[in-house]
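**Q** Would you be able to build a 3D model of this:
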Amino acid sequence: MSTEKKFPKRPLIRRLGTIGCNNIVETTPIVFNGELYRFEVVRRKSFTSDNASSVEHWQDVDDLPCLRFIHVRTNKSTPLFAEGNSFGFPYEVDGTMYVVTGNKPVWGSDGLIFYKSKDLQTWEKHTEISLPGWKIYNMNIAKMGEVYTLMIEISAPVEEAGTKPFTFRFMTSTDMTNWTLTPSECVFNKDRYAGSPAIYTFDGDPYYYVLYLEQYPLYRFGDSVARSKDLINWEYSPINPVLMYDDIEDRKLAHPFFSLKDRERIENALNVNNSDMECCEYLGRTIIYYSWGDQKGTEFLAEACYEGPMHEFFKAFFE
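**A** Now for the predicted structure:
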């Protein structure tokens with residue numbers, strides 16, 4: 001009998017096409033009150049003025065970042081909130097939406113702020129975390145048993161982040177209010193570039209699944225996946241990457257509402273990157289958002305899906 005190890009069968013990801021070309025990168029699909037939303041980090045002037053599609057306007061340093069949700073079915077935005085906060089991640093608990101975000105409008109915050117809302121319209125500050133000397137970027141939350149795990153992408157301090165940006169560290173809580181850093185050996189992963197964090201857990205499965213951005217030679221990037229039972233020892237999927245840039249599939253138009261200028265930009269942009277992949281399950285499907293572009297500021301938001309539940313999707317990369 002052969003003992004040769006068989007590779008897992010790659011799950012089929014259907015790329016549905018580009019849905020935005022205004023440099024929105026950090027997005028999260030999430031279900032709230034039975035409806036599908038897309039959480040976005042945007043800039044106030046860029047999304048409330050006549051220059052909303054202008055790349056130059058997006059780069060305005062005085063245009064502070066803020067947060068919003070898009071109701072996917074109607075494409076309507078909730079009110080902008082948390083102006084002056086960078087990055088962000090939403091997490092729902094018993095009908096309350098929590099959003100964690102960086103405490104400053106710059107890359108590399110030294111603390112986090114949690115907001116909460118029951119209707120996505122009005123928000124109140126919930127709690128704050130201060131980490132002097134740290135530089136925090138993206139963040140993500142998952143729950144296993146009674147414990148919430150907050151994963152943060154960092155580049156400092158060097159004893160926590162290592163010398164190869166970026167690195168993921170972890171904090172835990174049982175109430176979404178009081179957070180404690182895990183021991184320093186709980187880290188992903190000081191031996192490589194690792195950006196764009198996303199973490200997922202599933203009932204009855206002992207693993208934490210982490211999506212991360214892998215860097216390849218010649219400044220190319222693709223989303224990959226690893227898993228761990230203890231946040232210390234990591235198993236990488238033998239069929240990584242999960243999502244690699246595709247010049248044809250990424251450039252497909254997911255809707256007919258792009259201007260001629262938008263279409264030209266999509267057609268001619270350099271594409272060496274699939275990043276910031278995040279997922280949720282909705283009506284039995286795995287909804288995926290990701291970014292493509294040059295990883296230097298010219299970015300496009302795209303949608304994809306797996307025709308099955310999320311747990312099945314993630315396990316398929318290992319078993």
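**Q** Which residue ranges of the stretch 201-319 of the chain form strands?
**A** Counting by DSSP state E, counting those that start in this stretch, the stretch 201-319 of the chain has strands at residues 208-216, 220-228, 235-236, 243-244, 273-282, 285-293, 299-306.
**Q** so how far is the longest one from its chain's centroid?
**A** The one in question is strand 273-282. How far strand 273-282 lies from its chain's middle: 6 Å, per CA atoms, centre = their mean, to the nearest Å.
**Q** what's it packed up against?
**A** If contacts are counted by 3 or more CB pairs under 8 Å, 6 or more residues apart in numbering; DSSP states H and E, strand 273-282 sits against strand 27-32, strand 195-200, strand 208-216, strand 220-228, strand 243-244, strand 285-293, helix 310-315. Placement of C-beta: from N, CA and C, glycine included.
**Q** Format the ones you listed as a markdown table; extra columns: distance to residue 115.
**A** A markdown table is the format used below for those (distance: least, CB to CB, whole Å):
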| stretch | distance to residue 115 |
| --- | --- |
| strand 27-32 | 14 |
| strand 195-200 | 20 |
| strand 208-216 | 24 |
| strand 220-228 | 27 |
| strand 243-244 | 30 |
| strand 285-293 | 21 |
| helix 310-315 | 25 |
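**Q** Format the strands of the stretch 201-319 of the chain as a markdown table; extra columns: mean pLDDT and mean neighbour count.
**A** What follows is the strands of the stretch 201-319 of the chain, written out as a markdown table (pLDDT from 0 to 100; neighbours: other CB atoms under 10 Å):
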| stretch | mean pLDDT | mean neighbour count |
| --- | --- | --- |
| strand 208-216 | 97 | 22 |
| strand 220-228 | 98 | 21 |
| strand 235-236 | 98 | 14 |
| strand 243-244 | 97 | 19 |
| strand 273-282 | 98 | 23 |
| strand 285-293 | 97 | 24 |
| strand 299-306 | 96 | 23 |
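**Q** roughly how far out does stretch 293-313 sit from the chain middle?
**A** 10 Å.
**Q** Start and end of it, how far apart?
**A** By CA to CA, to the nearest Å, the extent of stretch 293-313 from end to end equals 25 Å.
**Q** again, but for stretch 286-300
**A** 20 Å.
**Q** residues in contact with residue 130?
**A** Residue 130 is in contact with 110, 111, counting by CB atoms under 8 Å, 6 or more residues apart in numbering.
**Q** can you pull up the bridge partners for it?
**A** residue 111 (DSSP bridges).
**Q** residue contacts, residue 12?
**A** Residue 12 makes contact with 306, 307 under the criterion CB under 8 Å, 6+ apart.
**Q** how about it, secondary structure?
**A** coil (DSSP: H, G, I helix; E, B strand; the rest coil).
**Q** for residue 149, what are its contacts?
**A** Residue 149 makes contact with 141, 142, 143, 170, 171, 172, 199, 201, 208, 231, according to CB under 8 Å, 6+ apart.
**Q** Please report the distance of the second one from residue 195.
**A** It refers to residue 142. As for residue 142, its distance to residue 195 is 18 Å (criterion: CB to CB, to the nearest Å).
**Q** So which of those two has more stuff around it?
**A** residue 195 (21 against 18; other CB atoms under 10 Å).
**Q** Who are the contact partners of the more buried one?
**A** 137, 138, 153, 165, 166, 212, 213, 215, 275.
**Q** how about the contacts of residue 149 in TSV, adding distance to residue 295?
**A** Shown next, in TSV, are the contacts of residue 149 (distance: CB to CB, whole Å):
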residue	distance to residue 295
141	25
142	26
143	31
170	25
171	27
172	31
199	22
201	28
208	26
231	27
